[in-house]
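Asker: could you look at this predicted model? Sequence included:
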Amino acid sequence: MPIEKNNQIELDIESLSSEGSGVGHYGGLAVFVAGGVPGDRLLVHIIKVKKNYAVGKIVRCVRPSVSRIPSDCPVFPRCGGCAFRAMTYETETAEKKQRVEDAFHRLSHMDIACEEILTGAPDRYRNKAQYPVSVSEQGEIQIGFYAPRTRRVIDCTDCRLQPAEFREIAETFRTFLQEFRISVYDAERQKGLVRHLYLRKGYASGEIMVCIVLNGKTLPHSEVLTERLCALNPHIASIVLNHNTQNTAVILGRLPIRFAVFQCACRRCRFIRSITIWRNACTARRRSLPIWTVPRPCWIYTAVRAQSDFPWRIGQNASSARKSYPPPSRTRRRMPAATAFKMRNFSAAMQKTPPRGFKKTGFVPMWCC
């Protein structure tokens, strides 16, 4: 019996797809079911039928798999961030290992037995979060993640995959927006100010970067937010404003980033584009906080390899660096000849004795704020 749309069938889940959906076969046709676990027997409602496959959604679980567990996330599966929260961690690693072996067998016709996956902590292992900000139909500010294949934001500030410190930072930011009634960006009307909250943590240093993506140039009452964040977590090392005024789904804008609170200085380090941020009595300066709007050329080392031994792309020249981060037109001017001569001599001196672990190319000029 051929499958038709809106049919309900009982389906045995045999494996997982590359996106984490359960895969079963009915009448010789592959059926993909989001949330299915290998070993499940499900009652599935068919929502799409193509020539070579069909897509369905779970109506109820007729017989659960021994690998199925209750999800520990309150927004699963409405949030589009995870696909394996309904199965044990051992089953997840086994399926990923099998996927690699199947790829070798299918593409290169080689039967290779992969080694066991090196597992770590299944929770709190990510170091970055990108929270879209929106307003619900009830007028409440939503900070979280997009639902699968939509632009609808599911409110979630405490993701189990991200550092626990991110939750209190996101909640403080939500309270700040509500208190001062700061507008939130609406993609359909292309109006509003705040677009995203972007957080990053360095596990080696413990420092946290807070980046606010705006559909504009300034954030009202930014000094209040600065004081609250600095008092909330002493490990917050930088607060950055990024300007993205384009009608696009890309999160970060291409304009130069402005360091809104802190003074910065470049130092030798093992990571490309690494900047040490120093807090300079930010809680006492209030409205006199400096906002650097004029780009200035600085010099950074180019590392041969990062700490993870992954070969980074190197050899970026001065013209491409300035092209990626062009200065505003009102400050575009030629560098004084004396300054350029000193920089060339300084770079030439560094080529003779580069720091340990760095390629012998001297410094790379980059435009930073």
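Answerer: Done, it's in.
Asker: which other residues reach the longest helix along the chain?
Answerer: Longest helix of the chain, by residue count under DSSP state H: helix 89-108. Applying CB atoms under 8 Å, 6 or more residues apart in numbering, the contact partners of helix 89-108 are 15-16, 18, 37-38, 67, 84, 110-114, 116-117, 119, 122. Yep, even glycine has a C-beta here, placed from its N, CA and C like the rest.
Asker: report the buried residues of that helix.
Answerer: Across helix 89-108, burial judged by 16 or more other CB atoms under 10 Å covers Thr91, Glu92, Thr93, Ala94, Glu95.
Asker: sketch out the low-pLDDT regions of the stretch 1-150 of the chain for me.
Answerer: The stretch 1-150 of the chain contains residues with pLDDT under 70 at 1.
Asker: just the strands in it please.
Answerer: 8-12, 15-16, 22-26, 29-33, 41-49, 53-63, 128-135, 141-146 (DSSP state E, counting those that start in this stretch).
Asker: mind listing what's buried in the fourth one?
Answerer: If I follow you right, that is strand 29-33. Buried, per 16+ other CB under 10 Å, within strand 29-33: Val31, Phe32, Val33.
Asker: follow-up on the earlier one: mind giving me the ChimeraX command for buried ones among the contacts of helix 89-108?
Answerer: The buried residues among the contacts of helix 89-108 can be selected in ChimeraX (16+ other CB under 10 Å) with this line:
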select :16,37,38,67,84
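Asker: closest one of the contacts of helix 89-108 to Gln138?
Answerer: Within these, proximity to Gln138 (CB to CB) peaks at Phe84, which comes in at 31.7 Å.
Asker: now do the contacts for that closest one.
Answerer: Gly20, Glu92.
Asker: so which residues of this structure form helices?
Answerer: 89-108, 165-180, 222-232, 282-285, 318-324, 337-352.
Asker: quick one: the strands of the stretch 1-150 of the chain as TSV, columns for distance to Asn233 too.
Answerer: As requested, the strands of the stretch 1-150 of the chain are exported to TSV (distance: least, CB to CB, whole Å):
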stretch	distance to Asn233
strand 8-12	48
strand 15-16	38
strand 22-26	40
strand 29-33	41
strand 41-49	44
strand 53-63	40
strand 128-135	14
strand 141-146	17
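Asker: for those strands, which one sits closest to Gly253?
Answerer: strand 128-135 (13.6 Å).
Asker: helices or strands up against the closest one?
Answerer: strand 141-146, strand 153-155, helix 165-180, strand 194-201 (3 or more CB pairs under 8 Å, 6 or more residues apart in numbering; DSSP states H and E).
Asker: and of the strands of the stretch 1-150 of the chain, who's closest to Lys217?
Answerer: Comparing those under CB to CB, the one sitting nearest is strand 128-135, at 17.5 Å.
Asker: Val31 reaches Asn52, doesn't it?
Answerer: No - the criterion here is CB atoms under 8 Å, and Val31 misses it with Asn52 at 11.1 Å.
Asker: list the contacts for the closest residue to Gly22 other than its chain neighbours?
Answerer: In this structure, Gly22 finds its nearest non-sequential neighbour in Gly36, 2.0 Å apart by CB to CB, 6 or more residues apart in numbering. Residues near Gly36 by CB under 8 Å, 6+ apart: Leu11, Ile13, Leu16, Ser21, Gly22, Val23, Gly24, Leu42, Ile58.
Asker: please redo it, this time with the cut-off set to 10 Å
Answerer: 11-17, 20-24, 42, 44, 56-58, 61, 65, 68, 86-87 (CB atoms under 10 Å, 6 or more residues apart in numbering).
Asker: how many neighbours does Leu212 have?
Answerer: Actually, residue 212 is Ile rather than Leu. Neighbourhood size, Ile212 [other CB atoms under 10 Å]: 20.
Asker: alright, I will stop here.
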